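In: Got a predicted structure plus its sequence, pasted below:
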Amino acid sequence: MLIKSSHARNGHILVEVLLAISLFVVIATAVLGGFISVRDGKIAQKQTLVAKGYLDQAVEALRSVRERDWALVAVNGTYHPVLNGSMWELENGQGPSVDGYKTQIVIADILRSSTDPFGNVVPAGDITDPASKRAMITVSWGTLVNQGVSSSQYLSRYGKNDFKEQTLESDFEDGVFTGTAIQNDDGGEIILGAGGYGNWCKPTQIPYIEVSLESNGSAAAIWAREGRVYAGTGENSSGKSFVNVQINNTNPPTTQIEGSFDGYKTNAIFGEGDYAYLATDTNDREVVIIDTSTNPNTEVGYFNAPGNADAMGVFVQGTVGYVTSSNKLYSFDLSSKTGSRPILDIGGVTVSLFGTARKLYIVGNYAYIAIDGYALLELSIASISDPSHMSWIGGADVNSGGGKEVYVNPTGTRAYIATNKDSSKPEFFIINTSSKTGFRSSIGSYDANGMDPRGVAVGTGNKAILVGSGGKEYQVIDISDEAHPKSCGELDFLYDINSVAAVLEQDGDAYAYIVAKDAGKELKIIEGGPGGQYTTEGSFESEVFDVGEGKTAMFNRVIADVTIPDDTELKYQVSTYGDGSQDCGDITPAYYGVDGTSESFYGTEGTIPFANLPSPSINPARCFSYKVFLKSSDKDKTPVFNSIKVNYSP
C-alpha cells in the first residue's frame, strides 16, 4: 500500500498559489495599464483637439492678413498671429504660450523651374515665384518633439485681381504716335497714319522743311509738281524773280536749287514741261517765259498785254497762255515759246471782268478768275472754248472782301475761292460750278478766324489749305461735308504766307509747298497725307499706367482686341518697371514679349513673365506701358488696334 507524503501535497498547493498570484499580477497589470492608457489617450486627444482649434484660428488669421494686403505676407520669416481689436496681425517670432500651446507661422519662397513649361512648384527650382508663398503653420505643446499639429498653406498674390483697359479715343490720345493715328469708328482705335507719313489735319506733329531762296525778298508766288517747285519774289525788288528747286523723293524730302533768274517782280508762276511762265509787274513784259532746261535758266520769250497794269495771274493750256491784268483776261499764242508772243483775244473778254482780276485757274473750256475790289463779284467764269473770242458767262457774289485766288476741281464742278478778310462774313467758299452760267451759289463757307487769306489749294482726302496774313497763317479745312467746312489743323508762323501749292506723289506721299515772308527760309515744305491711304508702318506707345507711389502690382496677363486684314501685321510688347519708390517718368521702359525678351511679341493675348526680364524691367512693378507695331504692304489697308486689357494683382 502506497502512502503519499504530506510534504508533497503541501508543495503542490504552494505551486498553485504562486501560479494564481502570477496570473493575478499579469491580469491586474494589464487591466491597470489599460485604464492608464485610456486615461492618457483621452488627455492627448483633448490636447490635439485644442491644438487643432488654435491651428484653425491661425489659418483664418493668415487668410485675413493676406486678404488685407499681399505685402503683409510677402516677406519670409517666422510669425505668430495677434488679434488687434477686431483685426488679425502677424508679429515676428513664435507666439507665446497660451494655456500651454504655442503657434508659429513660417513663410517661405516657392520655387519653380525655368525649364518646366507648366511652371510647376519644384523643391530645387531655379526661379523664385514673386507672387506666391508657402506658409507652414504649427501649434505645439508639452516638451516632447512630436507634440504638435501643423498645416501647409499656399498663398497667392492673385487673390485680388483687377484690370486696366484702354479702348476709347480719350484712352489713346496721350500716347506717342509714330506713323499712326486715332480713328473713332467704335469708340477709338489705333490705325496706321495717312499716306506717306503725314496727316493734313495734324501739321503741328510733322516737322516742316525750310529752304532759302537765296534772297532777301518777299517770296510771293509758287507752282509745284512732283519733284519740282518754282518760286518767285514779288512786292519788292530785293529777291530773285524765279528760283528752280528740285525735290528729291525721300522721306523727308531733300531739296536742291538747280537754277534761278532775276530781273522782274513776280506775282504768279505757272510751270509746263521745261518752261516756267512768270506774271510780272513789267509793262512791256507782263508774262516772261523761262527755259528751265538750261543752266543757268534763261528768258526765251514774253507776252506784252495791252495797257500798263501789272499781271496778277497766269495759266497755260496746250498752246495757249492766259493772263489776268487790270480787269481783263487775255489769251496769247504759245505755239512757239520764243520771242514776243502775239495776243489772241485783243478785247480780253467781250464783257469786262468788273473788278481787278487776280489769280486764275483753267479747267476744260472755262477760266475761273478771282475778282478783287468789286463788291458784287468775287468770282468770274469766262468761256475760253475759242481763245480768240472769250466771253464772261457767270460768277459768284460771296462777300464784300474781294477774291484773291481760286482753285477748281478736275471736273470743273467745284470752285474753291479765298477772299480778303471780311469782318462780317467768312473768307473761304465752295461754289457750285456744275453749271457755269449766271450767278453761282455757295454750297458752304468757312471763317478764317482773323486770317487775311492770300492763297488756296486743295489736297487729297477732301482737305483744302488756306494761307495768308494774321491769325493762324496756315489752316487746313475739312471739306468732306461741303455744306459745313470745318478746321482740322493749323500752324501759327507769325509771318505772312503768300501762296500755296499741294502735291500728291505717285508713292502716296503728299506735301504742301508754301512761300512766306521769312527771309532766308522763304520756301517751306509741310507734309500731309491723302485720305483713304495708309503709311507702310508705324508704332504707338501708350501712356504709363501707374499703380501709385510706394506700391507695386503683379502684372499677370494682357488681352488685346485687334483686326488684322490680309497683307497687314500687328504685334505688341509690354514693359513693367519701377519698384514703387521710383517715379515712372524717371525710367525709360524696356519693352518685351511673351517670353520676356525684346525679340518676342504678343499677338492677341498672353501671360506676362516675371523672370529674366530686360533691365530695368521687373514684375511686380509700379509702372506699366505697352507699344504696338503696325505694318501694311497694301496702302489701302491698315491693321486696327481696338483695345487692350491688362490683368494685375495689387
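Out: It's in. Residues are numbered from 1 along each chain as shown.
In: When you work out contacts or count neighbours from here on, use the C-alpha atoms and nothing else.
Out: OK.
In: Contacts for the longest strand seen in the chain next, please.
Out: Secondary structure assigned by DSSP state E gives strand 127-141 as the longest strand of the chain. Outside of strand 127-141, the residues within contact range by C-alpha atoms under 8 Å, 6 or more residues apart in numbering are 51-52, 54-55, 58-59, 74, 100-114, 147-158, 554, 610-611, 619-620.
In: What about those, which are in helices?
Out: For the contacts of strand 127-141, the ones inside helices are 51-52, 54-55, 58-59, with DSSP state H as the criterion.
In: wait, which of those is closest to Val458?
Out: For the ones in helices among the contacts of strand 127-141, the closest approach to Val458 (C-alpha to C-alpha) belongs to Val59, at 74.6 Å.
In: For the closest one, give me its contacts.
Out: Contacts for Val59 (C-alpha under 8 Å, 6+ apart) come out as 137, 153.
In: Could you check the pLDDT of it?
Out: pLDDT, Val59: 90.
In: Any figure for the gap between it and Ser132?
Out: Distance, Val59 to Ser132, by C-alpha to C-alpha, to the nearest Å: 16 Å.
In: So what sits opposite the nearest residue to Ser331 once chain neighbours are set aside in the bridge?
Out: Spatially, and ignoring its direct neighbours in sequence, Ser331 is nearest to Tyr322 (4.5 Å; C-alpha to C-alpha, 6 or more residues apart in numbering). Tyr322 has the following beta-bridge partners by DSSP bridges: Phe315, Ser331.
In: and if you look at Ala396?
Out: Judged by DSSP bridges, the bridge partners of Ala396 are Leu379.
In: neighbours around it, how many?
Out: Applying other C-alpha atoms under 10 Å, we find 22 residues neighbouring Ala396.
In: hang on, it packs against Tyr374?
Out: No: taking contacts as C-alpha atoms under 8 Å, Ala396 lies outside contact range of Tyr374: 11.5 Å.
In: Can you tell me the element Arg63 falls in?
Out: Taking DSSP states H and E as the criterion, Arg63 maps to helix 6-68.
In: same thing with Ala501?
Out: Going by DSSP H and E, Ala501 is part of strand 497-504.
In: Can I get the helix or strand just after that strand in PDB, CA atoms only?
Out: Once the chain leaves strand 497-504, the next helix or strand it forms, by DSSP H and E, is strand 510-516. Written as PDB, here are the backbone C-alpha positions of strand 510-516 (Å, rounded to 0.1, in the frame of the first residue of the first chain):
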ATOM      1  CA  ALA A 510       1.700 114.300-100.000                       C
ATOM      2  CA  TYR A 511       3.100 117.800 -99.400                       C
ATOM      3  CA  ALA A 512       2.100 121.400 -99.200                       C
ATOM      4  CA  TYR A 513       4.600 123.900-100.600                       C
ATOM      5  CA  ILE A 514       4.300 127.400 -99.300                       C
ATOM      6  CA  VAL A 515       6.300 130.700 -99.800                       C
ATOM      7  CA  ALA A 516       6.500 133.000 -96.900                       C
END
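In: for the following helix or strand past strand 510-516, what is the average pLDDT?
Out: Using DSSP H and E, the helix or strand that follows strand 510-516 in sequence is strand 523-528. Mean pLDDT, computed over strand 523-528, is 91.
In: Remind me what the following helix or strand past strand 523-528 packs against, helices and strands.
Out: Counting by DSSP H and E, the element after strand 523-528 in chain order, helix or strand, is strand 537-541. For strand 537-541, the packing partners by 3 or more C-alpha pairs under 8 Å, 6 or more residues apart in numbering; DSSP states H and E come out as strand 176-178, strand 180-183, strand 189-192, strand 623-632.
In: Point out the most buried one among those strands.
Out: Most buried of the helices and strands packed on strand 537-541, by mean neighbour count (mean count of other C-alpha atoms under 10 Å): strand 189-192, with a mean of 27.
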